[in-house]
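Participant: Using only what follows, build the 3D model:
(chains A and B)
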2 protein chains.
Amino acid sequence: MKQERAARTREALVQAAAEAFDRAGFHGTSLGRISKAAGISMGALTFHFPTKDELADTVQLRGLTVTRDAVQRLLTGREAALETVVDLTLELAALLQEEAVVRAAARLTRERESAPQGAPWPSSWLPAVEGLLEAMPAGQLRAGCDPRTVLALVGHLVAGVESYLRSCAAQGCDTCKSAPEQLARIWELALYGIRCGRQG
Amino acid sequence: MKQERAARTREALVQAAAEAFDRAGFHGTSLGRISKAAGISMGALTFHFPTKDELADTVQLRGLTVTRDAVQRLLTGREAALETVVDLTLELAALLQEEAVVRAAARLTRERESAPQGAPWPSSWLPAVEGLLEAMPAGQLRAGCDPRTVLALVGHLVAGVESYLRSCAAQGCDTCKSAPEQLARIWELALYGIRCGRQG
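Facilitator: Predicted coordinates for the structure are as follows:
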């Protein structure tokens, strides 16, 4: 019973911390703010997480795990095809849109100079994209299309999704397209080309 | 003479502040750190900029002006063509790579809840891209290619450039491609399409 309660307290703190770090960043968040948001005393907070760094480490690792698990589920039984790369980025867009802990992990990765025990957020998905591109059978990519540039495009687009979501949130924008829907349209352009009468 | 010295002091403070805000963000930067980096006493600093907010407002407006001027120069005498949109984003990538004040303006836009007197960084270039896309003559874009999605792609790519530069800086990466070069390759993919045997 006591252990169960402790686990619930810990969980509530991680969620409140994820929301605070997502909104205000590492330096912009105080333990007092998290304690208040979670409705848990500072004594209980510092019992579970003596420092802000430990709480941020935990949030960052949680975001990493959530992402890695989703990527693993998505890849199960899928071929190393261009569609799989696209679907993986749409899954990342959905996670960034829906999970504060994932947005917090992405933001904390950028803002914390000293890395936590866990790895940076992109390490939960970037190797999977690299693996797919390496294993992709010939004939999927247009001649002259370098898989390393596709990888760079993926990196730019995922950063773009995070930035898009932050700017929608800052504007309190109800009319913003959902991030995965927006990204799917962008992929449609990139896959088939933007320019009319393009090169073969 | 005295005015000239005051202007030089102010300039040194803006540059030091831009570098600090770029690296550590708004909340991660103290006036003390800026005073030390600029080699200017706290007394002189607070004479010119009584609060961190005023200094951040100035940095943000400077980054905006630098960007707006570069965009204006680039557009002079250019047609509303897809190339112009691409070149504008390459110019933004070069500015983000070379000018701490531009990176700081981009970062401060995201991190400061209360907007400064000046507008957010994207307001220095996004309207120009919208204008180009609106004025673009028919026949430049592939059939079915929505200019609003091209605009969204541009937004995602510019955010990607900023993120790419930050991750290169964090890794102390000397082997990273230059951001404009990387972006030019990505555009090459997006313009002509990634997929082999793509739709017409």
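
Participant: List the contacts of the host helix or strand of residue A:109.
Facilitator: Using DSSP states H and E, residue A:109 falls within helix A:100-111. Around helix A:100-111, the neighbours that count as contacts under Cβ atoms under 8 Å, 6 or more residues apart in numbering or on different chains are A:14-15, A:17-19, A:21-22, A:25-27, A:56, A:59-60, A:62-64, A:66-67, A:95-96, A:116, A:120-122, A:124, A:162, A:165, B:25, B:28, B:163, B:166, B:170. Backbone N, C-alpha and C define where each C-beta goes, glycine included.

Participant: If you count neighbours, what's buried in the helix or strand just after that helix?
Facilitator: Next along the chain after helix A:100-111, taking DSSP H and E as the criterion, comes helix A:126-135. Using 16 or more other Cβ atoms under 10 Å in any protein chain shown as the test for burial, helix A:126-135 gives A:126, A:128, A:129, A:132, A:133.

Participant: cool, and stretch A:171-189?
Facilitator: Neighbour-count burial for stretch A:171-189, counted by 16+ other Cβ under 10 Å, picks out A:177, A:179, A:180, A:182, A:183, A:184, A:185, A:186, A:187, A:189.

Participant: Next, format these as JSON lines and append secondary structure and pLDDT.
Facilitator: As requested, these are exported to JSON lines (DSSP: H, G, I helix; E, B strand; the rest coil; pLDDT from 0 to 100):
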{"residue": "A:177", "secondary structure": "coil", "pLDDT": "85"}
{"residue": "A:179", "secondary structure": "helix", "pLDDT": "96"}
{"residue": "A:180", "secondary structure": "helix", "pLDDT": "97"}
{"residue": "A:182", "secondary structure": "helix", "pLDDT": "96"}
{"residue": "A:183", "secondary structure": "helix", "pLDDT": "97"}
{"residue": "A:184", "secondary structure": "helix", "pLDDT": "96"}
{"residue": "A:185", "secondary structure": "helix", "pLDDT": "95"}
{"residue": "A:186", "secondary structure": "helix", "pLDDT": "96"}
{"residue": "A:187", "secondary structure": "helix", "pLDDT": "95"}
{"residue": "A:189", "secondary structure": "helix", "pLDDT": "92"}
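
Participant: between these, which is nearest residue A:50?
Facilitator: Within these, proximity to residue A:50 (Cβ to Cβ) peaks at residue A:179, which comes in at 35.5 Å.

Participant: so that closest one touches residue A:92, yeah?
Facilitator: No: applying Cβ atoms under 8 Å as the test, residue A:179 and residue A:92 come out as separate, 9.3 Å apart.

Participant: which residues do the two both contact?
Facilitator: Going by Cβ under 8 Å, 6+ apart, residues that sit against residue A:179 and also against residue A:92 are residue A:161.

Participant: Okay, now the unreliable bits of chain A?
Facilitator: Where chain A drops to pLDDT under 70, the residues are A:113-118, A:197-200.

Participant: Can you list the residue ranges for helices in it?
Facilitator: A:2-24, A:31-38, A:42-48, A:52-75, A:82-98, A:100-111, A:126-135, A:147-170, A:179-192 (DSSP state H).

Participant: Just name the most buried of the ones you listed.
Facilitator: Greatest average neighbour count among the helices of chain A goes to helix A:100-111 (a mean of 24), per mean count of other Cβ atoms under 10 Å in any protein chain shown.

Participant: Grab the CA positions of that helix and hand them over as CSV.
Facilitator: Output in CSV follows, covering the C-alpha atoms of helix A:100-111 (Å, rounded to 0.1, in the frame of the first residue of the first chain):
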residue,chain,number,x,y,z
ALA,A,100,4.3,16.4,-22.7
VAL,A,101,7.0,14.0,-21.5
VAL,A,102,8.2,13.6,-25.1
ARG,A,103,8.2,17.3,-25.8
ALA,A,104,10.0,17.8,-22.5
ALA,A,105,12.6,15.3,-23.4
ALA,A,106,13.2,17.0,-26.8
ARG,A,107,13.5,20.4,-25.1
LEU,A,108,15.6,19.3,-22.2
THR,A,109,18.1,17.6,-24.6
ARG,A,110,18.7,21.0,-26.1
GLU,A,111,18.8,23.0,-22.9
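
Participant: what's the angle between it and helix A:147-170?
Facilitator: 110 degrees (axes from the mean of the first three to the mean of the last three Cα atoms, to 10 degrees).

Participant: what about helix A:100-111, distance to the chain center?
Facilitator: 7 Å (Cα atoms, centre = their mean, to the nearest Å).

Participant: how about the nearest residue to residue A:195, chain neighbours excluded?
Facilitator: Spatial nearest neighbour of residue A:195, chain neighbours left out: residue B:191 (4.6 Å); criterion: Cβ to Cβ, 6 or more residues apart in numbering or on different chains.

Participant: Over to residue A:19?
Facilitator: Using Cβ to Cβ, 6+ apart, the closest residue to residue A:19 is residue A:100 (4.7 Å).
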